[in-house]
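**Q** give the three-dimensional model of this entry:
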Amino acid sequence: MEIIQATVVVVLGTFFLAVGIAGYFRKALSVWERCAFFAAAVCLILPSTITDWIGLAIGVAACAYCFATVKRVKAAA
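**A** Numbering: from 1, shown residues only. This is a model prediction of the structure:
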């Protein structure tokens with residue numbers, strides 16, 4: 001079970017780091033959105049269960065925000 005957890009954490013951390021560096025996730029990201037994804041990646045990379053949960057919460061919130069704002073932008077167009 002620990003191997004599965006470690007694999008999921010590494011994959012999510014790498015994904016959030018790539019999004020933070022690239023600056024794009026369904027739309028061009030603002031500076032604070034990029035910082036949120038980068039912070040989530042750093043929290044997931046640190047070797048602690050509590051930082052994993054914090055990083056997951058930040059990353060999911062940033063993803064949800066991006067999905068919500070893309071729908072609003074498309075609806076307004």
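**Q** tell me what the longest helix anywhere in the chain is packed against?
**A** Taking DSSP state H as the criterion, the chain has its longest helix at helix 49-76. Here helix 49-76 touches helix 2-22, helix 31-45, going by 3 or more Cβ pairs under 8 Å, 6 or more residues apart in numbering; DSSP states H and E. C-betas here are computed from N, CA, C, even on glycine.
**Q** buried set for the last one?
**A** Neighbour counts using 16 or more other Cβ atoms under 10 Å place 33, 34, 36, 37, 38, 39, 40, 41, 42, 43, 44, 45 of helix 31-45 among the buried residues.
**Q** who are the neighbours in contact with the nearest residue to the fifth one once chain neighbours are set aside?
**A** Looking back up the chat, that one is residue 38. Nearest residue to residue 38, sequence neighbours excluded (Cβ to Cβ, 6 or more residues apart in numbering): residue 20, at 3.6 Å. Contacts for residue 20 (Cβ atoms under 8 Å, 6 or more residues apart in numbering) come out as 34, 35, 36, 37, 38, 40, 41.
**Q** would you list the helices and strands packed on helix 49-76 in CSV and tack on mean pLDDT?
**A** Formatted as CSV, the helices and strands packed on helix 49-76 follow (pLDDT from 0 to 100):
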stretch, mean pLDDT
helix 2-22, 92
helix 31-45, 94
